[in-house]
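Q: the following block contains a protein sequence and its predicted model.
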Amino acid sequence: QGHGYAVYNLYHGQDDPTTSYLAQDWPLDFMRGDVVGEVGVIIPSEEMQIRLLDVIASDQYDALHQPEYSLLSNPADLRFQNCTEFLLDVVAAGAWLTDDRARIKINLDAYFPPTRVELGWWERLTAGWFDPRIRLDDQGNGPVNIASFSSISDFMLTFDLADESFEIQADPSD
């Protein structure tokens, strides 16, 4: 046991990047993987903090994990998952007090405005050739919908599940 903050996350596999696993890190270990130079922080409301801790401490947490990984996973579909969608599913489980993944996806489809990624037909056709983590079978023919920091933050703030949201940016001179 250690004292301090823990980061709970989903990572894609090294040997097989189309599968994922759950891990617990220290914040420093989590931040080492950041290549963009910014980290989003959402401060859940007090009630949501309690609910999230309940989800994380239960079997429900592992049950929310879908090991089939896609970098551009659709948050309203059950087939794939990535780290931001897993976070969203944990938030949804706490918000709606359910571990029923099908119910969570139905609710997210109704209440969660996803981030849209515009991909042309050629990009859709060839993306998986260059990166096997990009699987689009769950996206349909319209825009590619994903969960992002911004869309999760907006969702949580809109439904009073969070008190505050901000981004920490690295100093470019470092």
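A: Okay, I see it.
Q: low pLDDT regions in this protein?
A: 1-2, 33-36, 172-174 (pLDDT under 70).
Q: geometric centre of it: which residue is closest?
A: Against the mean C-alpha coordinate of the chain, by CA atoms, centre = their mean, the closest residue is residue 84 at 1.3 Å.
Q: next, the buried residues of stretch 149-156.
A: 149, 151-156 (16 or more other CB atoms under 10 Å). C-beta coordinates here come from the backbone N, C-alpha and C atoms, glycine included.
Q: which ones among those residues lie within strands?
A: Nothing among the buried residues of stretch 149-156 maps onto strands, per DSSP state E.
Q: list phi and psi for residue 49.
A: Main-chain dihedrals, residue 49, degrees, to the nearest 10: phi -60, psi -40.
Q: closest one of the buried residues of stretch 149-156 to residue 170?
A: For these, the minimum distance to residue 170 (CB to CB) is 15.4 Å, reached by residue 149.
Q: contacts for stretch 79-92?
A: Residues outside stretch 79-92 that contact it (CB atoms under 8 Å, 6 or more residues apart in numbering): 9-12, 20, 22, 44, 48, 52, 55-56, 61, 64-75, 101, 104, 107-108, 112, 135, 137-138, 146-149, 152, 155-156, 161.
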